[in-house]
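Chemist: what's the 3D shape of this:
(4 chains)
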Protein chains: 2
Amino acid sequence: MNGPKPKRQRKPQATTRQRAAGRPASAATGDAGSAPVPPGLAADAVTGRAQKAAARRQAILAAALDEFAARGFAAARLDDVAERAGVAKGTIYVHFADKEALFQEIVRTMVVPLVASVESAPASDLPVRQVVEHLADMFVREVYGTRRREIIRLMLTEGPRFPALADFYYHEVVERAVAALRHVLARAHARGELEDDTLVRFPHLVVAPIIFAVVWSGLFERFSPLDVSVLMRAHLDLLFGKESAP
Amino acid sequence: MNGPKPKRQRKPQATTRQRAAGRPASAATGDAGSAPVPPGLAADAVTGRAQKAAARRQAILAAALDEFAARGFAAARLDDVAERAGVAKGTIYVHFADKEALFQEIVRTMVVPLVASVESAPASDLPVRQVVEHLADMFVREVYGTRRREIIRLMLTEGPRFPALADFYYHEVVERAVAALRHVLARAHARGELEDDTLVRFPHLVVAPIIFAVVWSGLFERFSPLDVSVLMRAHLDLLFGKESAP
DNA sequence: TAAATATGACTGACCAGTCAGTCAGTATTG
DNA sequence: CAATACTGACTGACTGGTCAGTCATATTTA
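Modeler: Presented below is the predicted three-dimensional model:
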């Protein structure tokens, strides 16, 4: 695809000057200051090449999440991502193959680490209600209350257009989570804690309100906010009966 | 990229022929045949200017829904919409101000007519379970089973980027539907059919699985299809107790 | 035939992705 | 330890392609 490009008129000096002025080498915290880099990923005074590069990578991921969440994948501009990350557009391509790879990495790095903790929860032998409530609380705290919520929304939104990503997400996240949940419910059913096997057949019904809440808040929060914690507690009350001792 | 085309070479005949051949005015089912216009909106043999224009408008709306659903708003191309509708691109602009207006019209014309029937259902005095089940069936049949499902998905997907549309959708559709549903549940509660007021406070919990199903099927249908009818029946069993007499 | 409609080539803006060039930081040498 | 050479992360102007929206021209209707 690359044309041979025999000659190329450039003005390297001017460009370089500008950059030198833009980020003085003397400042250890070059990235901070007026740069629109989101906090929490401070590069600090690390001088190592590797650390700096890793910090940049993180900054790009964070910026990309912001832009994708705000505009959607197709409409997000990598120029904006670069600006938000305080980085030149070319730098994005140093760390990621293309726009889609960048998107995949966001999902990969921010969601997968969480699945393990979901899978470990079922180990306990407490009553279903408590285990499920624990899971729900965790979800509300670790997903709904964080930027991961945006990732869920992005998956719901863009997934159909990225079969490979939906595939990855299903097998690495959804399938495992559903299996873990079903395991909990099946054991409860075996112990006679559940009247019937409805929830074992459709563990989806336990989590549906959470997905619903993610969608609702993305669309209608300003008209009618929804308190997910309260909603989920009410839902579990309906499914498992009212909780007697909090 | 623009070739230096000093003179405007056009072949109006060829083009027009094609269209004329594609939808012979004599054929009653002009829309069928090879034209990629989806069925159900047959323009018939109407010769009146107004009818023809209206038919074109419908064809454009249907084609646009297909394209938007398949690619999302930003990535959908109006050239494709035009081709699918069997119309020139300029014609789209005869009927709609711009791409966004076209999107709004899809939602407006295809969803609003349905809300009335949702609002009329609660009139009956049957047991909650039956009324709600009736509504659920209707939803499955009239929305989930039709192209309207795509509209729901589009709203979930694109809504946040179109505040005006989300606003319209909330007030014209969601708010009215939730109110109607809450009315049914409140009456049931007053009659003692519900143990507590949980569902009256959160009618959302009744519909959450439907929204969940729309999202799920859009993403994971190929991995693990979900039978909405069965899912909803199971859900209502959990909420209202098992149905004894079908 | 005049008015209303439809057409599609064209334009201008936009944007993903490229790559020759730069330079801070690291390794090597004297 | 200082001078020198090397490395690769980083830069941003640029290219090639795409696409929403326009408008001069053609077609159809009344």
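Chemist: for the rest of this, base every contact and every neighbour count on C-alpha atoms.
Modeler: Fine.
Chemist: got the phi and psi for A:L114?
Modeler: Main-chain dihedrals, A:L114, degrees, to the nearest 10: phi -80, psi -30.
Chemist: brain fart, A:P209
Modeler: Dihedral angles for A:P209 - degrees, to the nearest 10 - are phi -60, psi -30.
Chemist: then A:G86?
Modeler: As for A:G86, its main-chain torsions (degrees, to the nearest 10) stand at phi 70, psi 50.
Chemist: tell me, how many residues neighbour the closest residue to DNA strand D within chain A?
Modeler: With CA to the nearest atom of the strand as the measure, A:G90 is the residue of chain A nearest to DNA strand D, at 2.8 Å. For A:G90, the neighbour count with other CA atoms under 10 Å in any protein chain shown is 11.
Chemist: list the helices and strands the host helix or strand of it packs on?
Modeler: Using DSSP states H and E, A:G90 falls within helix A:89-95. Secondary-structure packing of helix A:89-95 (3 or more CA pairs under 8 Å, 6 or more residues apart in numbering or on different chains; DSSP states H and E): helix A:49-71, helix A:78-85.
Chemist: is DNA strand C contacted by it?
Modeler: Yes - Helix A:89-95 lies within reach of DNA strand C by CA under 7 Å from any atom of the strand, at A:K89, A:G90, A:Y93.
Chemist: switch those over to TSV; also include pLDDT.
Modeler: Below are these laid out as TSV (pLDDT from 0 to 100):
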residue	pLDDT
A:K89	95
A:G90	93
A:Y93	95
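Chemist: count the neighbours of the nearest residue to A:K242 once chain neighbours are set aside for me.
Modeler: Leaving aside its chain neighbours, A:K242 sits nearest to A:L236 (7.8 Å; criterion: CA to CA, 6 or more residues apart in numbering or on different chains). Neighbour count for A:L236, taken as other CA under 10 Å: 19.
Chemist: low pLDDT regions in chain A?
Modeler: A:1-47, A:243-246 (pLDDT under 70).
Chemist: and the strands in it?
Modeler: Under the criterion DSSP state E, chain A contains no strands.
Chemist: so which bits of it are right by chain B?
Modeler: Proximity of chain A to chain B, by CA under 8 Å from any CA of the partner chain, involves residues A:70-71, A:74-75, A:156-161, A:166-167, A:170, A:198, A:202, A:205, A:208-209, A:211-212, A:215, A:218-220, A:223, A:231, A:234-235, A:238-239.
Chemist: now, of those residues, which are buried?
Modeler: Buried members of the residues of chain A next to chain B, counted by 16 or more other CA atoms under 10 Å in any protein chain shown: A:71, A:74, A:156-161, A:166-167, A:170, A:198, A:202, A:205, A:208-209, A:211-212, A:215, A:218-220, A:231, A:234-235, A:238-239.
Chemist: which stretches of chain A form helices?
Modeler: Assigned helices in chain A, in chain order: A:12-22, A:49-71, A:78-85, A:89-95, A:99-120, A:128-139, A:148-158, A:163-169, A:175-190, A:198-201, A:204-220, A:228-240 (criterion: DSSP state H).
Chemist: let's have these in TSV, adding distance to B:I106.
Modeler: As requested, those are exported to TSV (distance: least, CA to CA, whole Å):
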stretch	distance to B:I106
helix A:12-22	48
helix A:49-71	21
helix A:78-85	30
helix A:89-95	37
helix A:99-120	29
helix A:128-139	35
helix A:148-158	19
helix A:163-169	26
helix A:175-190	34
helix A:198-201	37
helix A:204-220	18
helix A:228-240	31
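Chemist: still on that earlier bit, from A:L102, how far off is the residue of chain A closest to DNA strand D?
Modeler: 13 Å (CA to CA, to the nearest Å).
Chemist: likewise A:F168?
Modeler: For A:F168, the distance to A:L102 - CA to CA - is 15 Å.
Chemist: also A:L231?
Modeler: If you go by CA to CA, the gap between A:L231 and A:L102 works out to 34 Å.
Chemist: ok, now A:L236?
Modeler: 37 Å.
Chemist: next, A:P127: phi, psi?
Modeler: Given degrees, to the nearest 10, the pair of backbone angles that A:P127 has is phi -60, psi 150.
Chemist: burial measure for it, as a count.
Modeler: The local packing count at A:P127 equals 14, with neighbours defined by other CA under 10 Å.
Chemist: ok, and the closest non-adjacent residue to it?
Modeler: Per CA to CA, 6+ apart, closest to A:P127 is A:A188, 7.4 Å.
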